[in-house]
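> structure, please.
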Amino acid sequence: MSKRLKASELLQKLRRIPMECSDIEDSEFSECEGGEPREKEIEISSDNMSDISDISDKENESSESEPENILNVRKRRRARVLSSSESEIESVQASRNEIAEDGTRWKRIQEESASGRLPLHNIFKDTSGLTGYAKRSIMKDKVISAFSLLIDSHILQRIISCTESEASRVLGKKWTLTETKLKAFLGILYARGAYEAKNLKLSYLWNTKWGPSFFSSTMSRNEFLEILKFIRFDKKDDKSRRLKNDKFALISTIWDKFIENSQNCYKPGVNVTIDEQLFPTKAKFYNKTKFGVDMADRMAKKYSVRLKSRRWPLQVFFNILDLAGINAWILYKETTGEQISRKNFMFQLADELAADNEKSRIEQRASKIQSTSKNSAYSRKWCQIRFCNNNKTTIICDLCKKYVCGKCTQMKVYVCKKCDE
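Residues are numbered from 1 along each chain as shown. Here you go, the predicted structure:
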């Protein structure tokens, strides 16, 4: 009888508990007793109500089953919900801090999906194509106007200054290089690339019998090799200091200026193709736009200006010239609307680059008549050019100052007295 009374008393106490305070902890129970209404109410399931009715109907059961039913009721009705502060603490603990070998501290943050529209600064709105600066500067039937936008006078003067410094240091005397000669040097490189003579020795290009006349009329082979030997893109005085912070310092000035000039002339589209040299991972839409990299590589390789050299800055410079030739060709075609092949464009570019130097050589020969005329001051000596059968002569070449006979003479210039004045 006493056990039945205990069960009935417990049932009455459970029924007297207010519905608002049934699932609140002991620390929060005092707030409920104050009479303040709570917005949240925890619903009691039908299973819990059936458990309570089962206790009243089964009071005659054994005392061992009654405590188990009461404990089950409490377990089912008490559901613990994590607060926002506890979830934040767990998320912070989940993130880990990592320290790299150089002391850099990296914090791992859980990635969250961004919902809604993208910010305005992430949306590409600019129009691709030629800039106004390029449209105003490029002229029809003058391909050098497009090339000069990419390889401008700033780059040429930088190369001239560094080359003269290196040559004067090695030779121990003053050595000069003019912008006209440097352009002629570049013109020979582009002409050689247009001929696809990358596997041909330079001596064949200057051969009087087999080589094209463009090379010999533009510049002598020895002069070309001399420029190729001394050409530099950085001065040796402060090279060691800048190499500590910039491993690309030997040609970084030329490269950065070329990139700046290219960006000033053309604005790329939405799907910009990045070479694997600069971005090793596969970017979005790579498979759809990878032809941009492959096409540029094939075009540069077909008419390349590269020469064999162990100096990596010179190889980078050859790469810059290849890219400049391709970019100038695109700029010229889109500006003028002229349909010109890349091979003809390179031939025309080489001719315009070498025109000033070729003209100056002709004027220099014409201004000195004594180079091709007999001079009584000189005694007769054997011809030093040796394209003849050991002839004797008193004629001296004005360029190399060697004795040359009539058979070995390339050009004779006759000027009247009025023009000579």
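> what's the burial count for residue 127?
Counted with other CB atoms under 10 Å, residues neighbouring residue 127 total 9. (Glycine included, C-beta is placed from N, CA and C.)
> any idea of the pLDDT on it?
The model reports residue 127 with a pLDDT of 76.
> host element of residue 199?
Here residue 199 sits in a region with no helix or strand, counting by DSSP states H and E.
> quick check: phi and psi at it.
phi -100, psi 10 (degrees, to the nearest 10).
> please tell me how far it sits from residue 306.
Computed as CB to CB, to the nearest Å, the residue 199 to residue 306 distance reads 11 Å.
> these two - which one has more neighbours?
Set residue 199 next to residue 306 and count neighbours by other CB under 10 Å: residue 306 wins out with 18 against 6.
> doesn't the more buried one belong to a strand?
No: using DSSP: H, G, I helix; E, B strand; the rest coil, the secondary structure at residue 306 is coil, not a strand.
> what are the boundaries of the strands in the stretch 201-350 of the chain?
Remark: strands assigned in the stretch 201-350 of the chain by DSSP state E, counting those that start in this stretch are 266-267.
> show me the shaky parts of it.
Applying pLDDT under 70 to the stretch 201-350 of the chain flags residues 271-293.
> per-domain residue ranges of this protein.
129-282+291-371, 380-420 (the TED database).
> so where do the helices sit in the stretch 51-200 of the chain?
Ranges of helices in the stretch 51-200 of the chain, per DSSP state H, counting those that start in this stretch, are 65-77, 84-94, 132-137, 144-150, 153-171, 179-194.
> CA atoms only: put the shortest one into CSV for me.
Going back to what we said before, that points to helix 132-137. Taking Å, rounded to 0.1, in the frame of the first residue of the first chain, the C-alpha atoms of helix 132-137 are listed here in CSV:
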residue,chain,number,x,y,z
GLY,A,132,42.6,54.6,-77.6
TYR,A,133,46.3,55.1,-77.1
ALA,A,134,47.1,52.3,-79.6
LYS,A,135,44.5,53.4,-82.1
ARG,A,136,46.0,56.9,-82.2
SER,A,137,49.6,55.8,-82.5
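> in the stretch 201-350 of the chain, which spans are helices?
202-205, 213-218, 221-230, 239-243, 252-265, 286-289, 291-302, 312-336, 342-367.
> what are the contacting residues of the fourth one?
Right, helix 239-243. Helix 239-243 has contacts (CB atoms under 8 Å, 6 or more residues apart in numbering) with 234, 249-250.
> try 10 Å
Contacting residues not belonging to helix 239-243 are listed as 232, 234-235, 248-250, 252-253 [CB atoms under 10 Å, 6 or more residues apart in numbering].
> now, of the residues you listed, which are buried?
232, 234, 249-250, 252-253 (16 or more other CB atoms under 10 Å).
> does residue 127 touch residue 266 like I think?
No: contact status for residue 127 versus residue 266: not in contact, 11.5 Å apart, counting by CB atoms under 10 Å.
> I figured residue 320 hits residue 189, correct?
No: Residue 320 is beyond contact range of residue 189, at 11.5 Å (criterion: CB under 10 Å).
> quick check: neighbours shared by the two?
Joint contacts of residue 320 and residue 189 (CB under 10 Å, 6+ apart) are residue 305.
> higher neighbour count, these two?
residue 189 (24 against 21).
> next up, the contacts around the residue nearest to the more buried one when sequence neighbours are not counted.
Leaving aside its sequence neighbours, residue 189 sits nearest to residue 305 (CB to CB, 6 or more residues apart in numbering; 4.1 Å). Applying CB under 10 Å, 6+ apart to residue 305 gives the contacts 186, 188-194, 198, 317-322, 324-325, 346, 350.
> at 7 Å what do you get?
By CB atoms under 7 Å, 6 or more residues apart in numbering, residue 305 lies in contact with 189-190, 192-193, 318, 321-322.
> likewise residue 173?
Listed by CB under 7 Å, 6+ apart, residue 173 has no contact partners.
> what about it, distance to residue 159?
Counting by CB to CB - residue 173 and residue 159 are separated by 20 Å.
> re earlier: between the buried ones among the contacts of helix 239-243, which is closest to residue 410?
residue 232 (32.7 Å; CB to CB).
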